Every structure is written in structure tokens, then in C-alpha cells.
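Engineer: Model the following, please.
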Amino acid sequence: MKPVSAPDVTAPADRAGLGFWLAEQSDEDLTPGAPLDGDTHADVVIVGGGYTGLWIAYYLTEFAPQTKIVVLEAKQAGFGASGRNGGWCTAEMPSLLTTLVGTHGPMAAMRMYRAARATLDEIERVLESEQLDAGWRRDGSLYVARTKPQLDRLRAWRDGRAQLGITDFRLLDPDEAANSIAVRDATGIGFTPHCAAVHPARLGLGLAQAVRGRGVTIAEGTAATAVRERAVVTEHGTVYAKAVLLATEGYTGGLAGRGRAIVPLRSHAIATAPLGAAAFERLRWRGAPTVTDSRYQFCYLNRTPDDRIVIGGRGVGYLLGSRLRARPAAERAVHARLLATLTDLFDGIGDVRVTHGWSGLYGLQRDSEPSVVFDKETGHGYAGGYGGEGIVLSNLAGRTMAALVTGTRRPETKLCWNGRTPSRWEPEPVRYAGIRGIATLATMADLFEDRTNRTAPLAQVIMKSVV
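Structural biologist: Residues are numbered from 1 along each chain as shown. Here you go, the predicted structure:
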């Protein structure tokens, strides 16, 4: 792959850092609501106005409509990872399912998988019920292999899932593959129906509108400065509540005493200018299935409603001390690699103009599993650690947490992620060296397999690693 310079991003300067999904929203949509106005009391206070916090609030209003709820958001609801991700609403959880089998056994892992798969139906139900236009298109996902080792991994993934009774993921036969997406040098293509493409910002902003309509207070521009027993302190006042719920995901480390609870990892993305329907027909990209390759450092692609391609991937993923901001030059270098990846994947894509480049944070816990925790005695709860699978899992977590807080009997409260408190991450610089070291090994393994068409010697180490 030839190196390329950083793409010439053409989004307006005042919106360039927002990314495509948020930047295309109206000025009214991007105007934060009022901050907290002095001290107040509530039944539940939720810290974080992303998907997790909004879904918790939504289902609290379903299970206990009289509950007084306050959501505190440092910026604007949906502003963080919820408005900046790749738009994959997937139930497949490729690496997480394997982890759950190893930790909790196949039965518990399958219950979690089935709950995630049913969550697609639940999100679709809410979008229809609330009349939210989130660009929902449920056309599944294509997993593309371009080398023999990648195809071997797809086969192993298919066979492993079949042993668990999951038979919906399949490898396309040669005729189907030839008529499927035109990725250069494809050796095989897998397909699962359990994914929808979604417009992340519209989903986040729409959820915020829906919960406000149900009487929930969302205090924007209101950062939590301290979390105490039955209270959250902000610079605009204190919220006293029976239950204090953290929905801060990758931003959790910014709260006192939680610096090693979760690490913030950064994923990057670019969006092309609209390519037009004819270009997608040349690429045989029919409908809106999401697309990914099968490298260790994989990329993920989405066809937007206005016929752009959004392509994302990892790079500069973790910063020393869990810092949240990468250097602009480092981010531009990742965007350049994403553009090079896009043009390498597709022969027939032609000249590509990039209009947006951005990044977003997601959270990873030490054991690579998400968790939902609520202590009835203290009233404290936390949900997160989705490892990049947050669109589906945040909804499932929202239902789970709302049921735990209200004492509602629901099957979600029996899932294996309930009540888990994972071990803390190592102190720095051990944490930095370990995470960045594994990422480097993954990159080296991809280069080895691309060059030799043989499975990398360190493959098993990488597959069992935390990142």
C-alpha cells in the first residue's frame, strides 16, 4: 500500500472536529440545553448523556413513570462517542463472545448473545414508537477476507459459533461472493444478518428529545466534579438523589478515584464526499450492509444515507496516563492510513474526496468485558466497558440498569455482566507499555500475513490479548 498524505478535509472549520455525523446537524440541534440551575433533588441522577445514560433514563420512565430523573452531561447529549462512532448497530460481538465463553461458560455466553440479538428488535421498536429518524437500515454485515489466514479465521469463527448453536453467520458460496461487494483480492466473504447501519448523531439527539418529552431533565454543559454517596457535585450545583448512576464509559477515568477502572481507547474515522448510487453499483455494494476486513487491526465501513463511505479504524489508540486528546498531527496520520486503506480495498472507487476526519473514545475494562453494577445499599451504579460495541450493548445496559434500580423483574437482570466489578488496570507506565505493545504486535502480525500469506506466529497471543 502506498503511503498517502493526510486527506484534505473540506468540512467547515468550525465543525471539522465534530465528525460527519454531528457536523451535518442543524445549529439548533447542536446548541446545548441549559445547565443545572442550583441544587436540586431527584430519585435518580445519571452522570453522562450518551447512549447509556439516555437509555437508562428512557427505561426508567418505562418501568417507573413517576421517577424524577436528572441527567448530567459535560457537553451536549450525544456529543461524545455516541455521536462519533462508525454507525454499526451489531449483535455479533466477535471477540467478546469468545471471552464470555471462556469466563462464564457457553450457556451464559449464549444468553448474552441472544439478548444482544434481540436488542436489535428492541431498538427498532423504540425508533418506530418514538418516530425517531436515525437512518436505520438493517441489511446485515459483510466480513471480507483478503488472505488465506484471514479466511481461516472467518472459517474458525463460523465453526466456533456453530458449536454454540449460532448458525446465522455463513460464508458466501463462490457465486454469491462474486456478486457481492467488489473488494480487491477477496479470498472469501462472510455474512451475518444481525447488524443495522444507523446514524449515530441522530440516534443520540433523538433519544435526548424523547426522554425530555417524558419529563427527564437533561442538564447540559454540566460536568460532574465529585461523586458522593447519594449526591453528585457540579460547578452549577449539587444533585441529591437516592440513586447515583455513572454512564461515563471512556470518560470514567476523569472522576476522582476511578483512573484505573477503565481505559479510554481512541478510534478514528473519515467520511468521503457523496459518491452517488452509480459508484456503489460499481462496487456491488447493494443496500446498506456494513463492511469490515478480517485483519487484527481491522477497519469498519458504513454506507451513509447520502451515499458517502465512512471508514474507521484504530490508531494512536491509547495515550500515556489515559489522556483524552491526541496530537493533531498523529490524528491526521491515522486519517491518511484510513484513506489509503479505502483505496486499497476497492478497485473501482475512483478519485475520493474526504470531507470529514474525526475520532472518538470508547472504554475498555481490564478483563475486556462490559459490566452493569448497582448496589442497593449505597444507591451507586455503573454501566459500560463495551469495547467498541456500544450501540447495541448500551440499550441492553439501559434496560438492565433501569430494572435493577426499580426492582423490576426482567430477564436482563440475570445476564452474566450483572454485578461484575473487574480488576483495575495496572499503574502507568506498565499500562501504556502493555496496551501499546499489543497494538504493535497486531500491526506486525497483519504485515507478516500480508507479505507471506501465512498465519502470524504471534496470532494466538494477539487473539487472547486485552486489545
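Engineer: residue ranges for the strands of the stretch 1-150 of the chain, please.
Structural biologist: Counting by DSSP state E, counting those that start in this stretch, the stretch 1-150 of the chain has these strands, from start to end: 40-47, 69-72, 88-90, 141-145.
Engineer: could I get these as TSV with mean neighbour count, mean pLDDT and distance to Y251?
Structural biologist: Where you see a C-beta, it was placed from the backbone N, CA and C, and this is true even at glycine. TSV is the format used below for those (neighbours: other CB atoms under 10 Å; pLDDT from 0 to 100; distance: least, CB to CB, whole Å):
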stretch	mean neighbour count	mean pLDDT	distance to Y251
strand 40-47	22	98	9
strand 69-72	26	98	12
strand 88-90	25	96	21
strand 141-145	24	97	28
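Engineer: so where is the stretch 351-467 of the chain shaky, pLDDT-wise?
Structural biologist: Across the stretch 351-467 of the chain, residues meeting the criterion (pLDDT under 70) sit at 459-467.
Engineer: where do the strands sit along it?
Structural biologist: Going by DSSP E, counting those that start in this stretch, the stretch 351-467 of the chain shows strands at 354-364, 371-374, 380-384.
Engineer: Pull the contacting residues for the nearest residue to T443 once chain neighbours are set aside.
Structural biologist: Setting aside the residues directly before and after it, T443 is nearest to Q297 in space (CB to CB, 6 or more residues apart in numbering), at 5.5 Å. Shown in contact with Q297 (CB atoms under 8 Å, 6 or more residues apart in numbering): 313-314, 439, 442-443, 446.
Engineer: make it 7 Å
Structural biologist: Residues near Q297 by CB atoms under 7 Å, 6 or more residues apart in numbering: 313-314, 442-443, 446.
Engineer: State the distance from the residue lying closest to T421 once chain neighbours are set aside to Y58.
Structural biologist: Of all residues not flanking T421 in the chain, V373 sits nearest, at 6.1 Å (CB to CB, 6+ apart). Going from V373 to Y58 by CB to CB, to the nearest Å gives 20 Å.
Engineer: more neighbours, the two?
Structural biologist: Comparing V373 with Y58 by other CB atoms under 10 Å, the one with more neighbours is Y58, at 22 against 19.
Engineer: Which residue, neighbours along the chain excluded, lies closest to the more buried one?
Structural biologist: Leaving aside its sequence neighbours, Y58 sits nearest to V211 (CB to CB, 6+ apart; 5.3 Å).
Engineer: do the same with P429
Structural biologist: L320 (6.7 Å).
Engineer: how deep is the one you found tucked in, by neighbour count?
Structural biologist: Neighbour tally, L320, other CB under 10 Å: 12.
Engineer: Got the confidence number for it?
Structural biologist: In this model, L320 is scored at 92, pLDDT.
Engineer: dump the residue contacts of it.
Structural biologist: 428-429, 432.
Engineer: separation between it and A336?
Structural biologist: From L320 to A336 the distance is 23 Å (CB to CB).
Engineer: Run through the bridge partners of R303.
Structural biologist: I309 (DSSP bridges).
Engineer: okay but it is in contact with W285, surely?
Structural biologist: Yes. R303 lies in contact with W285 (CB atoms under 7 Å); the separation is 6.1 Å.
Engineer: Go through the strands of the stretch 351-467 of the chain and name the closest to R454.
Structural biologist: For the strands of the stretch 351-467 of the chain, the distance to R454 is smallest for strand 354-364, at 29.5 Å, taking CB to CB.
Engineer: just how off-centre is the closest one within its chain?
Structural biologist: Here the centre of strand 354-364 is set off from its chain's centre by 10 Å, with CA atoms, centre = their mean, to the nearest Å.
Engineer: Also stretch 377-393?
Structural biologist: For stretch 377-393, the distance to the chain centre is 12 Å (CA atoms, centre = their mean).
Engineer: just the helices in the chain please.
Structural biologist: Per DSSP state H, the chain carries helices over the ranges 20-23, 51-63, 94-104, 106-130, 148-163, 174-178, 200-213, 277-282, 328-345, 390-406, 430-452, 459-463.
Engineer: rank these by mean pLDDT and give me the bottom one.
Structural biologist: helix 459-463 - the lowest mean pLDDT of these, at a mean of 63.
Engineer: Any figure for the gap between the residue nearest to G434 when sequence neighbours are not counted and G102?
Structural biologist: Excluding the flanking residues, the one nearest G434 by CB to CB, 6+ apart is E426, at 6.7 Å. Look at E426 and G102: by CB to CB, they are 21 Å apart.
Engineer: Who has more neighbours out of these two?
Structural biologist: Set E426 next to G102 and count neighbours by other CB under 10 Å: E426 wins out with 14 against 11.
Engineer: Let me see the backbone angles for the more buried one.
Structural biologist: Taking degrees, to the nearest 10, you get phi -60, psi 150 for the backbone angles of E426.
Engineer: For T408, which of the strands of the stretch 1-150 of the chain is the nearest?
Structural biologist: strand 40-47 (13.6 Å).
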